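Chemist: sequence and predicted structure below; questions after.
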Amino acid sequence: MRIAAGLIFASAVSLCASGEAWSQAAATKGAAVPQMAPASAPAPAPAKAACANQNALGIARVVEIDTTGGPGFGFEHFKQLDFLRDKEVVLTFDDGPWPLNTPSVLKTLAEECTTGVFFPIGKHSTYYPEILKQVAAAGHTVGSHTWSHATLTNKKLTEQQRKDEIEKGFSAVKWALGASPSPFFRFPALQHPPEMVTYLGTRNIAMFSCDLDSFDFKARNAQQVIDVTMKKLDKLGKGIILMHDFHKHTAEALPELLHRLKAGGYKVVKMIAKAPVQTIAQYDEEVLKDAKLPTVSSRPVSSVVQTISE
């Protein structure tokens, strides 16, 4: 399943093309449908609080990405924009939001006063919008990872269905956040159909591969996630790290992994977008139609129950 596709990509099989196994067994939660926020302005950044942990990993620098033309990041597929310095890393997390695991990842990142780039699945975002809001509120960068985690190189999908997966994913994340996310996108399984690479370029959406894959979706335990990641990182010396906030082992591994990064002299780079993604109204409307109506009335008691005699 791991084939590197694309006119500007290396033809060798990617070392970090993850299977990104995930579950579709969750039942959609009934949720009140919020008003769609305008896409013209990003959500305001939260005020920066002082870090209580003096030995925290922290954030070494912040880079702003102009996504015009759809730049690509992650040396396994995109070799033109090698912006990381020696001993710098970008922490990325796919397939969320998910109960317990995503909040655990957020807690660890907060304790180390550091940051990540999250690529949530559209459906998961509609299941747990409150968790995704916590990701954004903590100051992390939020992109998208398609609507249903469909592998876009699947020949059974038409070109329009591939575009639908991309666009509805962004609209679902926007619905969950109440504001447009960053124009950052990661292909499921890191499989990049050339025509979709071209399409994302026309949409001014940046594409993310990785420099190294933690293979946390294959891990038997947290220690294996740590060992695999550090072995690859120590060999490369820097890189965009692919992990999954969907997986329990990743959440369990993260505290020790971040300690190992700190001890090894690694520094975290935060990536933010110059402007939010511009979603397409058609897909915004589709997400609203798919969202279930609230199962419990949100009206105040006084408007529902009135004493007319006593």
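Modeler: In hand now; what should we look at?
Chemist: right, and T108 touches L258 too?
Modeler: Yes: using Cβ atoms under 8 Å, T108 is in contact with L258, at 6.6 Å. (Glycine included, C-beta is placed from N, CA and C.)
Chemist: which of the two has more neighbours?
Modeler: L258 (21 against 18; other Cβ atoms under 10 Å).
Chemist: thinking that one is in contact with N53, fair?
Modeler: No: at 10.7 Å, L258 does not count as touching N53 under the criterion of Cβ under 8 Å.
Chemist: what touches both of the two?
Modeler: Common neighbours of L258 and N53, using Cβ atoms under 8 Å, 6 or more residues apart in numbering, are E112.
Chemist: against D94, how distant is the residue nearest to the spatial centre of the chain?
Modeler: What sits nearest the mean C-alpha location of the chain, by Cα atoms, centre = their mean, is F119, with 1.4 Å. For F119, the distance to D94 equals 5 Å [Cβ to Cβ, to the nearest Å].
Chemist: where's F215 relative to G69, distance?
Modeler: To G69, F215 is 31 Å away according to Cβ to Cβ.
Chemist: touching both of F119 and D94, which residues are there?
Modeler: Shared contacts of F119 and D94 (Cβ under 8 Å, 6+ apart): H145, R186.
Chemist: phi and psi next, for the closest residue to K267 other than its chain neighbours.
Modeler: Closest residue in space to K267, ignoring its immediate chain neighbours: A60 at 3.5 Å, by Cβ to Cβ, 6 or more residues apart in numbering. Backbone torsions of A60, given as degrees, to the nearest 10, read phi -80, psi -40.
Chemist: so that it lines up with my notes, have the first residue be 15 from now on.
Modeler: OK, 15 is where the count begins now, so the last one is A74.
Chemist: isn't A74 right up against G279?
Modeler: No: counting by Cβ under 8 Å, A74 stays clear of G279, with 10.8 Å between them.
Chemist: those two: which is more packed in?
Modeler: Legend: neighbour count by other Cβ under 10 Å for A74 and G279, higher for A74 (15 against 8).
Chemist: and the more buried one, how far is that from R99?
Modeler: In terms of Cβ to Cβ, A74 sits 9 Å off from R99.
Chemist: then T212?
Modeler: T212 is 31 Å from R99, by Cβ to Cβ.
Chemist: what residue ranges in the stretch 15-164 of the chain score low on pLDDT?
Modeler: Low-confidence segments of the stretch 15-164 of the chain (pLDDT under 70): 15-63.
Chemist: now the strands for it?
Modeler: 75-79, 86-87, 102-108, 131-133, 155-156 (DSSP state E, counting those that start in this stretch).
Chemist: shouldn't F199 be in contact with W161?
Modeler: No: F199 is not in contact with W161 according to Cβ under 8 Å; the separation is 11.8 Å.
Chemist: anything in contact with each of those two?
Modeler: Contacts common to F199 and W161, judged by Cβ under 8 Å, 6+ apart, are I180.
Chemist: quick one, phi/psi of the nearest residue to I145 once chain neighbours are set aside?
Modeler: Closest residue to I145 apart from its sequence neighbours, by Cβ to Cβ, 6+ apart: P111 at 3.8 Å. When read as degrees, to the nearest 10, the backbone of P111 gives phi -80, psi 150.
Chemist: got a list of what P111 touches?
Modeler: F132, P134, H138, S139, Y141, Y142, I145, L146, V149, A190, D259.
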